[in-house]
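Asks: Need coordinates for the below:
(chains A and B)
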Amino acid sequence: MSRFLSLCLFVVIWQVAAMTLGAHYLVGPDATLAAIHREIRSGDMMFAFGVTLARSLAGFSLGMLVGSALGLALGRSQALDRLIDPWLVIALNTPALVVIIYAYIWVGLTETAVLAAVTLNKIPTTAITLREGARALDSRLDDMAALFVLPRWRRWRHVVAPQLAPYFAASARGGLAMVWKIVLVVEILGRPNGVGFKMGLAFQQFDLPLLQAYVAPFVALMIAIESVVLRPAERSASWWRRHAP
Amino acid sequence: MRLDVSIAQKTYRLADGGARRLFDNFTLRLEAGTIAALLGPSGCGKSSLLRMIAGLDRDFSGAIDRPAGRISMAFQEPRLLAWRNVEDNLRLVAPELSQDELKALLAAFELDGRGQDYPGQLSLGLARRAALARAFAVKPDLLLLDEPFASLDRGLHERLRDKLSERIAGRAMTVIVATHDIEDALRLADRIFFIGGAPARILNRFDIAAPREARSPLMPQLRAQAQQIQDEATAEAVARPVTS
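Replies: As a prediction, the model looks like this:
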């Protein structure tokens, strides 16, 4: 509830600021809503939204998958970690923009390049988070699982995965926001559709309401995903902690 | 069918980079069905020995021949999964357990009605009982117990020991209990190995002929005997340290 009030307060501040600064500097919620309405009516909004969302989800999923696998491997093998860790630091400090440009140059202006660029940007942060998770795995429980000869799948499902769940959730929460920003840059640089492309268009025409019309719904969607999917998921992953005396 | 432990050498790497020799030509033989206690001061290597017997630590030279069959162990800490309730913790290691068997097992350790509780809701004493119930859930042929009563208060300690004694008697299996408490060893075991020295070795052994359930009246006498053997063994270990 306090979360909802906080969001309402934000909208009020936004409206007041827009009224103070004037429409040339900041478009208020009312004008944004009108622009959204226009874009929905023309059908552009749904298409651009769908395209960007699909790209974001694909990149996010692949990045999480590969990044988690890499992170777990690094957390379990010190030798591998010593080898790969500097590369991770390099990857983390390489601007997303550079990765995107290389992806376009090497693969061409295709959806494959988009997926590659987004995934490559997501992998290092996920790997680092899950590496911490793998390092924090309780070796005493490993011993317990080995002693009772638990089959691989049961060991993963009941012993390992619950210990990793909070790290996975943290990585997912941070990752979704990051991924969609990267997708926008990818789109603005080399795609003829999607929210990023629309924003590029808005910038060229100095059409601030159009820009806002595409930012606001996406942010709203992210807030919705965050509070309806990710937060409850994180809470349910650590619900057993509340059973502590 | 017997347990045959012969450890040529086991060194323990210290944090500062040095190494400590824990075992040097250590042998231990146990006929199947024996209930044995490893009695020795904390830190003498009992837990390491149990881990090697359990197959969790293979970093030693020598060989351990285990009789075929299932191994089970109760660790020094309960090591329950905090995110699974007591019943599920038991089912995890023994999915073949029927609902009735599960109920009976929980009842045997006075855990009736606690099956749905999570380990975080249990006191240490209850958590230890759950861990013991889990150790029995797999119907082991070789059961290893590492200080099963550590850090419990006296009353609980004795009650749990009685429970354990009943369960051990109820099933043919080989049991090794590591303990520093002479009373535990006398109540539970048929044979006590006094462990000590560095590297650790068997200083002496003590066989108890009286059946477990008839020991209570004999305890003062047994205690005196065992104490004497322990004192002699300890004195000998101090006087004649093994050089390696």
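
Asks: Name the spans of the chain whose pLDDT lies under the cut-off.
Replies: You didn't say which chain, so I picked chain A. A:1, A:242-245 (pLDDT under 70).

Asks: that's the other chain; I wanted chain B
Replies: Using pLDDT under 70, chain B drops low at B:1, B:239-244.

Asks: Which helix or strand lies directly C-terminal to the helix ranked longest in chain A?
Replies: Assignment by DSSP state H gives helix A:44-76 as the longest helix of chain A. Scanning forward in sequence from helix A:44-76 by DSSP states H and E, the next helix or strand is helix A:78-93.

Asks: Return the set of buried residues in that following helix.
Replies: Within helix A:78-93, the residues scored as buried using 16 or more other CB atoms under 10 Å in any protein chain shown are A:Asp81, A:Ile84, A:Leu88, A:Ala91. For the C-beta atoms, the positions are set from N, CA and C on the backbone; glycine is no exception.

Asks: Next up, the contacts around the residue lying closest to the third one once chain neighbours are set aside.
Replies: With sequence-adjacent residues excluded and distances taken as CB to CB, 6 or more residues apart in numbering or on different chains, A:Leu88 is closest to A:Pro124, at 5.2 Å. For A:Pro124, the set of contacting residues under the criterion of CB atoms under 8 Å, 6 or more residues apart in numbering or on different chains consists of A:Gly67, A:Leu88, A:Ala91, A:Leu92.

Asks: what comes up buried for the top helix by length along chain B?
Replies: Counting by DSSP H, the longest helix found in chain B is helix B:219-239. Buried residues in helix B:219-239, counting neighbours by 16+ other CB under 10 Å, are found at B:Leu222, B:Ala226, B:Ile229, B:Gln230, B:Ala233, B:Thr234, B:Ala237.

Asks: for stretch B:182-197, same thing?
Replies: Per 16+ other CB under 10 Å, stretch B:182-197 contains these buried residues: B:182-190, B:192-197.

Asks: from the chain's centre, how far out does that stretch sit?
Replies: Centroid separation for stretch B:182-197 versus its chain: 10 Å, with CA atoms, centre = their mean, to the nearest Å.

Asks: hang on, the earlier thing: show me what counts as buried in the longest helix of chain A.
Replies: A:44-45, A:48-49, A:51-53, A:55-56, A:58-60, A:62-64, A:66-68, A:70-75.

Asks: Show me what from chain B comes close to chain A.
Replies: Within chain B, the positions adjacent to chain A are B:51, B:54-56, B:71-73, B:75, B:77, B:79, B:81-84, B:88, B:92-93, B:118, B:120-121, B:138 by CB under 8 Å from any CB of the partner chain.

Asks: ok, now which ones touch residue 212?
Replies: Defaulting to chain A. A:Val27, A:Ala31, A:Thr32, A:Ala35.

Asks: Not quite, go with chain B.
Replies: B:Ser165, B:Ile168, B:Ala169, B:Arg187, B:Leu188.

Asks: one more time with 7 Å, if that's ok
Replies: Neighbouring residues of B:Arg212 by CB atoms under 7 Å, 6 or more residues apart in numbering or on different chains: B:Ser165, B:Ala169.

Asks: Which one of the contacts of A:Pro124 is nearest to chain B?
Replies: A:Gly67 (23.8 Å; CB to the nearest CB).

Asks: among the buried residues of stretch B:182-197, which two are most distant?
Replies: B:Arg187 and B:Gly197 (25.3 Å; CB to CB).

Asks: For the residue positioned nearest the centre of chain A, which non-adjacent residue is spatially closest?
Replies: Against the mean C-alpha coordinate of chain A, by CA atoms, centre = their mean, the closest residue is A:Leu176 at 1.4 Å. Spatial nearest neighbour of A:Leu176, chain neighbours left out: A:Phe60 (6.0 Å); criterion: CB to CB, 6+ apart.

Asks: ok so, going back, please list the members of the buried residues of stretch B:182-197 that lie in helices.
Replies: Short answer: those in helices (DSSP H) are B:Ile182, B:Glu183, B:Asp184, B:Ala185, B:Leu186, B:Arg187, B:Leu188.

Asks: Among those residues, which one sits closest to chain A?
Replies: Distances from chain A to these, taken by CB to the nearest CB, are shortest for B:Leu188, at 20.6 Å.

Asks: just to revisit the earlier point, wait, which of the buried residues of helix B:219-239 is closest to A:Met199?
Replies: B:Ala237 (80.1 Å).

Asks: Report the contact partners of the closest one.
Replies: Applying CB under 7 Å, 6+ apart, the residues contacting B:Ala237 are B:Gly196, B:Gly197, B:Leu203.

Asks: so which of those comes closest to chain A?
Replies: Using CB to the nearest CB, these come closest to chain A at B:Gly196, 25.7 Å.

Asks: got the contact list for that closest one?
Replies: By CB under 7 Å, 6+ apart, the neighbours of B:Gly196 are B:Gly40, B:Pro41, B:Cys44, B:Leu203, B:Ala233, B:Thr234, B:Ala237.

Asks: Could you tell me which residues of chain A lie near chain B?
Replies: A:140-141, A:143-144, A:146-148, A:150, A:154, A:158-159, A:162, A:240, A:243-245 (CB under 7 Å from any CB of the partner chain).

Asks: neighbour-wise, which of these leads?
Replies: A:Met144 (26 neighbours; other CB atoms under 10 Å in any protein chain shown).

Asks: which SS class is the closest residue to that residue other than its chain neighbours?
Replies: Among residues not flanking A:Met144 along the chain, B:Arg79 sits closest, at 4.7 Å (CB to CB, 6+ apart). Under DSSP: H, G, I helix; E, B strand; the rest coil, the three-state class of B:Arg79 is coil.

Asks: Check the gap between B:Arg79 and A:Val98 for me.
Replies: 48 Å (CB to CB, to the nearest Å).

Asks: Between those two, point out the one with more neighbours.
Replies: B:Arg79 (20 against 10).

Asks: which ones are touching that one?
Replies: Contacts of B:Arg79 (CB under 7 Å, 6+ apart): A:Arg140, A:Leu141, A:Met144, B:Ala131.

Asks: and B:Leu203, that one's in a helix?
Replies: No. Counting by three-state DSSP, B:Leu203 is located in no helix; its state is strand.

Asks: Name the nearest residue to it, ignoring sequence neighbours.
Replies: According to CB to CB, 6+ apart, the nearest residue to B:Leu203 is B:Ala233 (3.6 Å).

Asks: which residues does the one you found contact?
Replies: B:Phe194, B:Gly196, B:Leu203, B:Asn204.

Asks: Distance check, the last one against chain A.
Replies: To tie it back to what came earlier, the one meant is B:Asn204. 30 Å (CB to the nearest CB, to the nearest Å).

Asks: I'd say that residue and B:Ile192 touch.
Replies: No. B:Asn204 lies out of contact with B:Ile192 (CB atoms under 7 Å); the separation is 8.7 Å.
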